[in-house]
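1. Attaching a predicted model along with its sequence, questions to come.
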Amino acid sequence: MTTVTAVTGNAGDADNPYALSHLDALESEAVHIFREVAGEFERPVILFSGGKDSIVMLHLALKAFAPAAVPFSLLHVDTGHNFPEVLDYRDRTVERHGLRLHVASVQDFIDRGELRERPDGTRNPLQTVPLLDAIEKGRFDAVFGGGRRDEEKARAKERVFSLRDEFGGWDPRRQRPELWQLYNGKHSPGEHVRVFPLSNWTELDVWQYIAREKIELPAIYYAHEREVFARNGMWLAPGEWGGPKDGESLETRQVRYRTVGDMSCTGAVDSDAGTIEAVIAEIAVSRLTERGATRADDKMSEAAMEDRKREGYF
Amino acid sequence: MSTTTHTDALDAVDAGAASLLRFATAGSVDDGKSTLVGRLLHDSKSVLADQLEAVEHASRNRGQEAPDLALLTDGLRAEREQGITIDVAYRYFATPRRRFILADTPGHVQYTRNMVTGASTAELAVVLVDARNGVVEQTRRHAAVAALLRVPHVVLAVNKMDLADYAEPVFAAIAEEFTTYAASLGVPEITAIPISALAGDNVVSPSANMDWYGGPTVLEHLETVPVVTDPGDDPGRFPVQYVIRPQTAEHPDYRGYAGQIASGVLRVGDAVTVLPSGRTSTIEAIDALGQAVDVAWAPQSVTVRLADDIDVSRGDLIAPTATAPGVTQDIEATVCHVADRPLAVGQRVLLKHTTRTVKAIVKDIPSRLTLDDLSQHPAPGELAANDIGRVVVRTAEPLALDAYADSRRTGSFLLIDPADGTTLTAGMAGDAFAQAAAEAAPADGADDEGWDF
């Protein structure tokens, strides 16, 4: 005699006709978050990079307000080192849905001398300044990001509604407790709120949802032949950003991308997954996390993400 | 150590149609909560090679010989430095049977608000006890928070059984004491499991050391506990979030009310009342994110259209007329104060309930609860951070509020500082503990006031 089950049990069961699949539950929750922001903020904006998470975000926003238009504009922080396929996807998407796109350009800041190129050529950490500048100039009070808590241990601490101070900073020790589904979006002038509707999604959830909803992605997410070179254990794509250097040699490999970001720090993985089913099967057995496999910038230190987020990174 | 097989992982993929369990863990500092969480993640193959490598690397840097699984869950610099969990973190893992969202909550008494945060969305709470110490104050505190938040299922994990000779009487005594206590608070379902998180007994794999135990492992219980209550039993509640009016050539007259069904079921043809105005109409159509449906239920996000062109806006509640709630401007509730600055009688606040935010004033704080022994302190005047107490609030406008006992979604609210937007207090309308509390109260001549403080 072992299990001590006391008092009246709940008689719900797995065959309940009212059960929702986990994807339906996540979709419903994300739509709720979009509508809360639409109801409570003056000038929200969706961060849109043309990566899969922001594409899923936009898809959810389109569903949340249909048959009306999405009541938000898009903001892309352009590092100047983007994959051409992704920029093309971005522009087609904006046009197809009649959206408005703001672009904050890292290159412009460098050209004006307001940012300095890093010795390693990585522009990912440089995005914070143009982002905060765009938020201030656009007077955006809510900024949707596609960040997921499963990505990284500092992100696991992130609230769905995350208040940022007038410097865009995140203070993890002073976060508002977030209870039930009662999201508190109150903020003072100058402050803004980052909103993460995909907080509770995992990489696999995102891919399963993309499959279920038949969402088009930039082709680089699927296996293709590409010229790459090896650096720090990753396959990087050549480009004006500064690769390959002496001693690094190009070779043609069949690869795909698990994340899409700045070319200087986003690696490809060897893959023959040319369809979404194959991608899902590949992720399911992968022994590496998405960011561990393909993001150089998270490897800089144990608290790299936390430190960047404190400064205003998304 | 288990290895991932392709079959397992592909089965997990098929869990696309599976259900989702949100659960929270609670335990005192040295009860082994991080080890349990680490073991659950690790043995369910949810820790990937690069994460484990990072933990091994960091452990070596700290001069530790074995990988410290707590580093998997302590995500903040300050947490790693101090070796304690400060804030709630959310973890994700899956088995072929179910997806899990784990709210990993700190156990310190000064972080009661964080356990309240984790428990607010949890369908199950795991309370950890050290087999050598048995039920201690902190255990009672965790049980009380689970009961206050009305978490439907509670698991008592009696940990460190390896240090108690895997002895059944040790487990049985702790299980009985806890079950009696938690049941008296109205916790509807309690399952006790003897484990060793360190050795892996009964966490994911059944223990060879406790053949006297015939119940489920922790993971097996998490996979099979029923999570869907029957929305057909609950009254329909639909807080309006946003009014959708395309005003396009294609949809010139479309006017839809967007929201997430908070409880119950909505059907096309239902006679409904809009609160607080009291206007009535009929549900003409329900759009479930792109698909017209005849019926929808909690927690689906939908858009509802009504047959009559009446005034409905964000903050209103649409409910079937037959089961519509009353409206009130006077709320008595149990609250957990979550801000560092105190909440005082006479304070002016904002009250956020579902999609409606109204002005309110704290009229009275009749009592403060000591979680250790559930004793009440009358008229404390104010509540400090992490205090739990009874509060009476008067709102500037009427609210369609249910008792928290009937609906966690429409019976909960926040108090917010109107000056800077700080979340001050989390509130649960109506009685504090479930009715079972009063019925099971000790027959020492007192009535239920010991519980319903």
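-> Done, it's in. Note that the coordinates shown come from a computational prediction; the quantities given were computed from them, not determined experimentally.

2. Stretch B:354-364 vs chain A: in contact?
-> Yes - against chain A, stretch B:354-364 shows contacts by C-beta under 8 Å from any C-beta of the partner chain at B:354, B:355. To be clear about C-beta, it is placed using only N, CA and C from the backbone, and glycine gets the same treatment.

3. Okay, buried residues for that stretch please.
-> If you call a residue buried by 16 or more other C-beta atoms under 10 Å in any protein chain shown, then stretch B:354-364 has these buried ones: B:354, B:355, B:356, B:357, B:358, B:360, B:362, B:363.

4. residues contacting the second one?
-> Translated: residue B:355. Contacts for residue B:355 (C-beta atoms under 8 Å, 6 or more residues apart in numbering or on different chains) come out as A:36, A:39, B:239, B:240, B:241, B:259, B:314, B:315.

5. Name the member of these with the most neighbours.
-> Tallying neighbours with other C-beta atoms under 10 Å in any protein chain shown puts residue B:259 at the head of those, with 28 neighbours.

6. mind listing the strands for the stretch 151-300 of chain A?
-> Using DSSP state E, counting those that start in this stretch, the strands of the stretch 151-300 of chain A run over A:161-164, A:192-195, A:224-231, A:234-236, A:251-257, A:268-270.

7. mean confidence for the longest one?
-> Here the mean pLDDT over strand A:224-231 is 90, rounded to a whole number.

8. Which helix runs longest in chain A?
-> helix A:22-40 (DSSP state H).

9. now residue A:215: how far from residue A:149?
-> 22 Å (C-beta to C-beta, to the nearest Å).

10. out of those two, which sits in the busier spot?
-> residue A:149 (25 against 15).

11. Quick check: the more buried one touching residue A:200?
-> Yes - Residue A:149 lies in contact with residue A:200 (C-beta atoms under 8 Å); the separation is 6.9 Å.

12. Get me the contact residues on the stretch 151-300 of chain A for chain B.
-> Going by C-beta under 8 Å from any C-beta, the residues of the stretch 151-300 of chain A near chain B are A:152-157, A:163, A:172-173, A:175-182, A:184, A:186-188, A:199-200, A:202, A:204-205, A:208, A:212, A:280-281, A:284-289, A:292-293.

13. so residue A:44 bridges to which residues?
-> Beta-bridge pairing for residue A:44 (DSSP bridges): residue A:142.

14. Go ahead and confirm it touches residue A:145.
-> No - Residue A:44 is not in contact with residue A:145 according to C-beta under 8 Å; the separation is 11.5 Å.

15. what is in contact with those two at once?
-> Common contact partners of residue A:44 and residue A:145 (C-beta under 8 Å, 6+ apart): residue A:195.

16. Now the strands of the stretch 151-300 of chain A in CSV, please, with extra columns for distance to residue B:391 and mean neighbour count.
-> Shown next, in CSV, are the strands of the stretch 151-300 of chain A (distance: least, C-beta to C-beta, whole Å; neighbours: other C-beta atoms under 10 Å in any protein chain shown):
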stretch, distance to residue B:391, mean neighbour count
strand A:161-164, 24, 23
strand A:192-195, 27, 25
strand A:224-231, 59, 16
strand A:234-236, 55, 20
strand A:251-257, 52, 17
strand A:268-270, 54, 18
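
17. Nearest to residue B:167, out of the ones you listed?
-> strand A:161-164 (47.3 Å; C-beta to C-beta).

18. what helices or strands is the closest one leaning on?
-> With contacts defined as 3 or more C-beta pairs under 8 Å, 6 or more residues apart in numbering or on different chains; DSSP states H and E, the secondary structure elements packing on strand A:161-164 are strand A:192-195.

19. Can I get the strand it packs on in CSV, CA atoms only?
-> Extracted in CSV, the C-alpha atoms of strand A:192-195 (Å, rounded to 0.1, in the frame of the first residue of the first chain):
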residue,chain,number,x,y,z
HIS,A,192,8.4,50.1,-22.7
VAL,A,193,7.3,46.5,-22.4
ARG,A,194,8.8,43.6,-24.3
VAL,A,195,6.2,41.0,-25.0
